[in-house]
Every structure is written in C-alpha cells, then in structure tokens.
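> Fold the following.
(chains A and B)
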Protein chains: 2
Amino acid sequence: MITKEQTNVEAQAIQAKKASKTLSVLTTEEKNKALYAIAEQLETEWQEILKANERDLIKGREKGYEDAFMDRLTLTKERITDFANGLREVAELEDPTGIVQSDWTLDNGLQVQKVTVPLGVIGMIYEARPNVTVDATGLALKSGNAIVLKGGSSALESNKKIVEVMQEGLQDTRIPRDAIQFIASTDRKATNALFTMKEYIDVLIPRGGGSLIQAVVNNATVPVLETGVGNCHIYIDETADVEKAISILINAKTDRPAVCNAAETVIIHENWLNNHKEALVASLEEHGIVVHGDKLAVEAIPGASEAVEKDWAEEYLSKHIAMKVVRDVTEAIEHIEIYGTKHSEAIISEDLQNVDLFMKLVDASALYHNASTRFTDGGALGFGAEIGISTQKLHARGPMGLPALTTIKYQMKGTGQIR
Amino acid sequence: MITKEQTNVEAQAIQAKKASKTLSVLTTEEKNKALYAIAEQLETEWQEILKANERDLIKGREKGYEDAFMDRLTLTKERITDFANGLREVAELEDPTGIVQSDWTLDNGLQVQKVTVPLGVIGMIYEARPNVTVDATGLALKSGNAIVLKGGSSALESNKKIVEVMQEGLQDTRIPRDAIQFIASTDRKATNALFTMKEYIDVLIPRGGGSLIQAVVNNATVPVLETGVGNCHIYIDETADVEKAISILINAKTDRPAVCNAAETVIIHENWLNNHKEALVASLEEHGIVVHGDKLAVEAIPGASEAVEKDWAEEYLSKHIAMKVVRDVTEAIEHIEIYGTKHSEAIISEDLQNVDLFMKLVDASALYHNASTRFTDGGALGFGAEIGISTQKLHARGPMGLPALTTIKYQMKGTGQIR
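Now for the predicted structure:
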C-alpha cells in the first residue's frame, strides 16, 4: 500500500532530480556564489535557527537523552557561524566536475574524452547531528548534485529550519531551491521509500550507527555508499617500540573515543606483553581504560574482565577496549580478517617483514605502520571536507571528499564514424 | 532453511576468499605465468572440452533452442584457441594493482600512499556463453582476484570442464586452484546464496539479460556492478547531415543487432524527417529494418506499425526499431531521460549548441556526437579486454577493463605519529 508519506517523498525526489539537471550545467562560480549566499543566510537567521533548536532540546530533555547526545544536538550562535564558514571553505575547494581524466583519439579519428560529472541526486540518511544537514548540502551542491535529506527525528525542528534558511539563501542564485529537499515525515515508510527510488536517487549515503547503516544496505536497491562503522585494531608486534606502542594505543583509544577511527581492540604479541606489562598497565590505568581480554590478557592486566565473543566485534565508542594476545603477526591478521570492519588497522613494529605482511594482507581502507588510526579523516589527510568514511571497496574507499560525489561520462566527438 | 547446495556454495566462497589472500601478494610475473599455463592447458585438452560441449549441444537440441543461441553455445577447436589467446593477451596487459595513485606527506611526517589493490573475490553470474568462463577468469586472476563462477545451465557441462582444465593448468603455478570456483548446482537457491555472502564475496557481476541483472540488483546485499542493458537512442537533429545520419543509424541498428550498444530507438526532428524522408525510407527498406513509430513516424514511413508504450523501453536486439518524431533537442533529451538505460546515446547534428546541450544533459555512460553508439566497447576504445559494460554510476561507468576489478588502500608509514 502506498501511503501519503511515500507519495510526498516521491514528489520531492522528482523535484530534486529536475533541479539536479539545472544544477549540473552551472559554472563553478555560480555554484560558489550560491554557497556563499547560503552561508550568509544562515548567519543572518541564526536566532530563528536557535529557536527551532530549542524545541528539539526541550523534547530531548523530556525524553531524557544522555548528555553527550544533547551536546551534539545543541546549536549556538558560534556553531552556526562554523556551519557558514564550513560552506565557505567548500566553496574554495576545487570543483570536482568537468575534469577531463583522460582523452585520446581512435585510429578512425573518433575523439574520446573521459570527463567527471555530478552523480545527480544524493540521498542522505543520518542521525542526530544538525551539522550534517549543512555539511552534506554544501558538498552536494559544490559537486553539482541535488540532495534529499532525511535526518533523525530528534533534530527534526532544527533540520527543518536550517533547510528552510538554506533554501531562502538560494533565492537570488542560479541553484534552484528544489535542489535541497528535506523529508520532514518521521514515518519509517517515508525513509524506506527512498531506498528503492532508483529513477530519481543516484546514491544513498547513510551516516550514523551500525543499525541505521545495515538497514539501508539490506533494503536499498539504490546504490549505497556505506560509511563509518569502525572496529579498528592496534596490533603491537613483538619488536614494537614501547613508547610508540603505548602512546599510539592511548591516542587511538582516548583522543576521541566516540568516533569511528578510534581503536576498539588491541592485539598484543605475547613476548611484548611479557616484557612491557608494567608500562602498559600503568598507562591503561592512568587513562581510565577498561579492558575486556582473552585469557592471557586477563592474567596480565589487573582488573580486566574476560572478553566474550561479542567483545571482539564491539564498537565500544567509549574507554572500553578488547585485548587479545597472539603468538605472531599471522594470528593478528587472521583475527582482524574475522572481526575487522575494513576501516583502519595499525601495526606497531620494528620488523619490516611483518609490517609488509600486515600492509599486504589486511583488508581495510587505511593501514598504519607506527601511527595512530585517528588519521583516517578527510580533514587530517588534507581532503578539505568529507561526506563520510567509506568502509566499502567499490567507488570510494576511506575518507570521501568531493570526488566521491562524481561519476564519469565518455564524450565522443565524431565526423560520421561507424563500426 | 539452509539447503545442502547453499552450504556447498558457502564452502566454495570461503575457499575462494582464502585463495584470494595468496593471490593478492603474487608478483605480476607469477600471475602472468599462471595465465599462460591455463592457456596452454586449454589448448592441450581441447578434445575433452569439445566432448563436454557436445553433451550441452545434445541437450540444447532436445530443448529446441534457437539457432543463434546454439551458435553461441557451440565450441570448436578454433574457439578454444581464441580463448587461450585471449588469456595471453590479458597477461600482456598492465597489472592494475600495486599502482601508487598518489602519495604525500603530512606536516607531522606521516607518509600517505594511495595504492590500487585487488577487490578480493568476484562473483560472476552469467548466461549461456562459455567464453565468459575463460574471459572473466583471466581478468580476475590478472587483477589479483579469486573468482566464483555461476554460469547458465545450458552450458553447464562445457563450463564445468573448462573450469576443471583451467584449475589443472594452475597446478605448477603460484595461483592456488581454489582461486577459480565453479558453482555446478542448478538449484536457484545456490545462486541466491551468493547474493548475500558479503563476508566472502566482494562484488557480484551479472552478465546476461535484463531479468538476470534485475534479480541480482534487487536481491543482493553484496555490492553489484550492473552491466549491459542498452536501450540506446540515435537522435537526428534538424541540422543533421543526411549521409552521416543515415549511415550512423543503419550501422548502430544493423551491424550487430543483438549487442547492448546497438540502437533501439531513433528520435528524429520533424523538419529533418520532412526534408529527408525518401532517403531514410529507402535505407530502412534496403536493410530490412522494421519500424514501430509514433503517429508522425507512422505517417512518414510506409509499413511502420504504431508504437505502444513498451516499444520505447524495448531492447529489441533485432532489426526492429522504435521511432519518435520531436520538435526540438529538448524533447529528445526528455524522452531519453524517461526511457534510456544510461548506456550509450548519440546526437547527429551540425548545431553545436544543441550538441553541447545533449552532451551535458543526457545521463549516460557514453555520449556520441556524429558517431555510432557501437564504439562503447572495451576493445573498440582500446581497453584491451572488458569484464562488461557498466550502466551504473558508482565505481565504474561504461566499458570496464582491469582497473574496475581493483579498489584502493591507504598505506601510512609513521614514526609514532598521534593526533
């Protein structure tokens, strides 16, 4: 049965598709002007946005959301200025479309050009943070794409207002306001309708927890760019330098425990553990890290609890960590093969043969030798801005900047060539 | 309920995954040697392969398959030599893996390399032609991937024997024979089991008719590289040169009507039709082309029947063609937007403004100005070999050569960097 919500969503997707055609032929300057205009409008209407945000906050407090969640939900004048400045930064990035990746001429004179073009319409499905509404819109428009936004219900009022303001910002620009669509319905059927609109939506990007992402991957026929789940491992090899190993482990676990490039499991060579137990234990305690270990780990680390199967797959997103003790690099690689999410994996070692094996055999978007997994991030790697971190292998892998929102076209110029 | 067939398929997929690990670290020379060894083995055992093929042909004749189908199914000594030479050609192509696409150093000294690597395990689901068994295997192995093959039941005996021979060929090479898996069960559940084996299969490539491809796209959670359905249009604009227009139309429709880059609809500007009706009609008749037209087309073309809705979406794969008369390039573009399959679209015109509009607004993998759509082909474009023609936008678009079977890894080398 097709509900009213589904019909509305389809109408919005069609409007987005139409707008994407207009958008796809604009110049870089026209797109940049529009991004600046949106930024300006957000700054002008900051008070309106805070009012809408307040309504979400009231509801959130009623529902008893936890502090960290409420913090991510809360907007301030400064955060809105940050949104606006983020858009201005995106405007300054290189336009990823219209780039001739290669060109050649066939023997018969047919000229072939492989050119980057926008994907068309991006469907963004995300959870609480209202900043995604602005960031994703900026990246989509800059790359010549229209966007259909479906945010989490806890930020509904904030997102709705932000989109309204952004659409207003487009008023005197060449980008049609229909290029930004916001699905306001909280009916799950409305979201699910997006999953199969292959005619109007070119790619779905889910951003949020694992269950959101799996729901999209399992039910969508529209191609998906899978993002973000990171069960990242730090493997401390037999020859690992003790200072590097401990500082990297602590950094990867505690710098920002709630992000996807944080470490969730440490795998330790048994000999290294025997030799450096005291230093390790002292550091873990100092930083309040809670260990769930296998048998040998529990023996070595005071206060560690025994890990159960699900600990090896867990994204704690907190100061908890799983700890496994292994006899060699191969055992570490095998463990990562089973439990890793193909995000970021690190080896701390001075044995270059083991490093080489790890780099070659571990299947993940980013592999680190003697460095923290925390660098898997568009900003840290110098991509300027990021629409998410892809944990899939097709199309884009690792941090996705503007080029991930493009595809290519072969444009052929002939003088009557036939085969 | 899990059937025995599903369990077997899973066991095979696991073997392929394991073999892919060994395969992924081989050198280019080791992979090439293996391809030559397979080629040799196929040529040595050609009689065994023909015997197996004969069993398929007997069954095919019993089932009363049509001639064209039986022809594609029939192997000869020469065709087997062609298979072997195809493998040798693939061996000579550049290795698509291990290529450093970019490298840079962060301010903190962390070295970043973006390197191409194999996808892992390719699941190939295809219909009758036994040549796909060899071609796909060659491309997979060359790019460091293991392959799970699921061919059509009409070529079952031929495919089984070809795979056996190829596996034998691997005996004295560094590629494990498990790197080539063939699903011999004809139970549909066996095929469907492949659709969701995300742990072991990295990409599914369906090759065959539209219904096969749709079944895979709609049911797979493993990422899919969609290939091959081509409802290609030739748009003859008001200013089109009459000789170019007619020769391109005839070529695109009749050179090889059964392939996906053949034209299925011709869209004609009304003024051009009025001016060049006689020449067009004469050519269509000379080449035995059967027209299904809209009202104006039926008036202009003797013997044309009236097109119904489904004609506009039809891949005739024969000498039939749909014909639509339009008032301008915009109407042509809109028609293609509705009925095109994003494969190959051509405009025949001397009006560069219209050409520009067409090139920018039509959403397809390959756009042609004054040339036949028949050039959308890995061989014709100089890619050396092709695993299929992608009609999707993510990962690979248009003819897919070896690079489409790779992904990337970021490899970071540090000296203890933390964030």
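> wait, what's in contact with residue A:40?
Shown in contact with residue A:40 (C-beta atoms under 8 Å, 6 or more residues apart in numbering or on different chains): A:84, A:169. (Glycine included, C-beta is placed from N, CA and C.)
> what's the answer for residue A:131, then?
Residues counted as contacts of residue A:131 (C-beta under 8 Å, 6+ apart) are A:79, A:82, A:83, A:86.
> Of those residues - the most surrounded one?
Neighbour count (other C-beta atoms under 10 Å in any protein chain shown) singles out residue A:83 as the most crowded of the contacts of residue A:131, with 25 neighbours.
> Surely that one and residue A:38 touch.
No: using C-beta atoms under 8 Å, residue A:83 is not in contact with residue A:38; the gap is 9.3 Å.
> Can you tell me the closest non-neighbouring residue to the closest residue to chain B within the stretch 101-250 of chain A?
In the stretch 101-250 of chain A, the residue that lies nearest chain B is residue A:244 (3.9 Å; C-beta to the nearest C-beta). With C-beta to C-beta, 6 or more residues apart in numbering or on different chains as the criterion, residue A:244 has its nearest non-adjacent residue at 3.9 Å, and that residue is residue B:416.
> again, but for residue A:365
Per C-beta to C-beta, 6+ apart, closest to residue A:365 is residue A:398, 3.8 Å.
> For the one you found, report the pLDDT, please.
Per-residue confidence (pLDDT) for residue A:398: 96.
> just residue A:1 next, same as before
Looking at residue A:1, its pLDDT reads 54.
> Contact residues of the stretch 101-250 of chain A facing chain B?
Within the stretch 101-250 of chain A, the positions near chain B by C-beta under 8 Å from any C-beta of the partner chain are A:104, A:106, A:110, A:112, A:119-120, A:202-203, A:217-218, A:221, A:223, A:225, A:241, A:243-244, A:247-248.
> out of those residues, which are buried?
Among those, those scoring as buried are A:106, A:110, A:112, A:119-120, A:202-203, A:217, A:221, A:223, A:225, A:241, A:244, A:247-248 (criterion: 16 or more other C-beta atoms under 10 Å in any protein chain shown).
> and those, which of them are in helices?
Cross-referencing those against helices under DSSP state H gives A:217, A:244, A:247, A:248.
> Check pLDDT for the residues you listed and point me to the minimum.
residue A:217 (86).
> Run a quick check on that residue versus residue A:223, I expect a contact.
No: using C-beta under 8 Å, residue A:217 makes no contact with residue A:223, being 10.5 Å away.
> can you map out the strands along the stretch 151-300 of chain A?
For the stretch 151-300 of chain A, the strands defined by DSSP state E, counting those that start in this stretch occupy A:180-182, A:203-207, A:232-236, A:263-269, A:290-293.
> From residue B:410, how far out is the closest residue to residue A:209 other than its chain neighbours?
Spatial nearest neighbour of residue A:209, chain neighbours left out: residue A:127 (6.6 Å); criterion: C-beta to C-beta, 6+ apart. To residue B:410, residue A:127 is 26 Å away according to C-beta to C-beta, to the nearest Å.
> same thing with residue A:375?
Distance, residue A:375 to residue B:410, using C-beta to C-beta: 9 Å.
> And residue A:259, how close does it get to chain B?
To chain B, residue A:259 is 10 Å away according to C-beta to the nearest C-beta, to the nearest Å.
> That residue: neighbouring residues, count only.
So residue A:259, with other C-beta under 10 Å, has 16 neighbours.
> Can you point out the buried residues in the longest helix belonging to chain A?
Ranked by residue count, the top helix of chain A under DSSP H comes out as helix A:4-24. Using 16+ other C-beta under 10 Å as the test for burial, helix A:4-24 gives A:5-6, A:8-10, A:12-21, A:23-24.
> near chain B too, which of the residues you listed?
Among the buried residues of helix A:4-24, chain B is touched by A:21, A:24 when using C-beta under 8 Å from any C-beta.
> before we move on, back to that, shared neighbours, residue A:375 and residue B:410?
Common contacts of residue A:375 and residue B:410 (C-beta under 8 Å, 6+ apart): A:366, A:381.
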